[in-house]
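K.L.:
just the structure for this:
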Amino acid sequence: MDTPVQRLKRKVLLSFSIIIMLILCSGALGWEITRHLERSSKTMEAVHLFKEAELQLRREEKNLLIRGYSVERFHNWQKAKEDFYQRLGELIGLKALTDKETGELKSSNSAMSDTYREFLDDIKSGKLTESKVARYDGEFKEIGRRSLRLIDGILAREQAVANGMDSKADILIVFFSVVFIGTTAFLVINVLRNL
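P.N.:
Okay, here's the model as predicted:
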């Protein structure tokens with residue numbers, strides 16, 4: 001037959017075991033949620049930087065198209081293009097894009113490179129007419145809009161992931177708090193009962 005002291009010891013051990021398991025589980029789940037939020041945050045930051053680089057590239061394209069060729073404008077455009085490619089590489093390096101999104105970005109990038117080659121050839125040869133300027137402007141605009149739609153989709157997806165992780169974290173906090181408080185109350189009541 002169990003004595004009251006032995007029952008109290010089992011209840012105390014059970015309560016502490018539950019509390020320790022809760023602490024371990026909350027630590028593991030907290031780490032996992034934090035890791036996902038950090039990844040999502042890095043991805044959103046990289047996407048924002050990529051979007052800024054694309055918009056800056058578009059500004060420099062416009063400067064070349066509207067104001068004409070000058071060494072300074074050309075260097076500004078080259079710098080914007082290099083920044084754009086660097087941001088694209090960072091975005092792909094994060095592995096945050098689906099294969100389809102990566103393919104679409106690379107396709108846009110390829111189309112943009114082909115258009116740039118033609119554009120630079122026309123600038124160097126002095127054959128940049130009004131109709132060609134309008135054509136290049138339209139092509140640059142379409143390529144940019146395609147990329148921006150894709151970028152906005154990626155941002156929306158990553159924001160949804162971050163919001164989902166926030167709600168999961170809130171649910172876990174409430175669940176662990178309730179179980180922790182219940183276990184603590186069980187422990188305190190049993191200890192007080194046996195004093």
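
K.L.:
which residue comes closest to the residue nearest the centre of the chain once chain neighbours are left out?
P.N.:
Geometric centre of the chain, nearest residue: residue 43, 2.4 Å, by CA atoms, centre = their mean. Taking CB to CB, 6 or more residues apart in numbering, and ignoring the residues beside it in sequence, residue 43 has residue 96 as its nearest neighbour in space, at 4.0 Å. Where C-beta positions appear, they are placed from N, C-alpha and C, glycine not excepted.

K.L.:
just residue 137 next, same as before
P.N.:
residue 65 (5.3 Å).

K.L.:
so who does the one you found touch?
P.N.:
Listed by CB atoms under 8 Å, 6 or more residues apart in numbering, the contact set of residue 65 reads 133, 136-137, 140.

K.L.:
how close does residue 39 get to residue 94?
P.N.:
Going from residue 39 to residue 94 by CB to CB, to the nearest Å gives 8 Å.

K.L.:
quick one: which of the two has more around it?
P.N.:
residue 39 (17 against 14; other CB atoms under 10 Å).

K.L.:
tell me what the helix or strand containing residue 170 is packed against?
P.N.:
Taking DSSP states H and E as the criterion, residue 170 maps to helix 130-193. In this structure, helix 130-193 makes packing contacts with helix 4-67, helix 99-125, judged by 3 or more CB pairs under 8 Å, 6 or more residues apart in numbering; DSSP states H and E.

K.L.:
so where's this protein uncertain?
P.N.:
Scanning the chain with the threshold set as pLDDT under 70 gives 1, 195.

K.L.:
rerun at 90
P.N.:
For the chain, applying pLDDT under 90 flags the ranges 1-51, 53-78, 80-82, 84-195.

K.L.:
what's the local residue count around residue 91?
P.N.:
By other CB under 10 Å, neighbour count at residue 91 equals 23.
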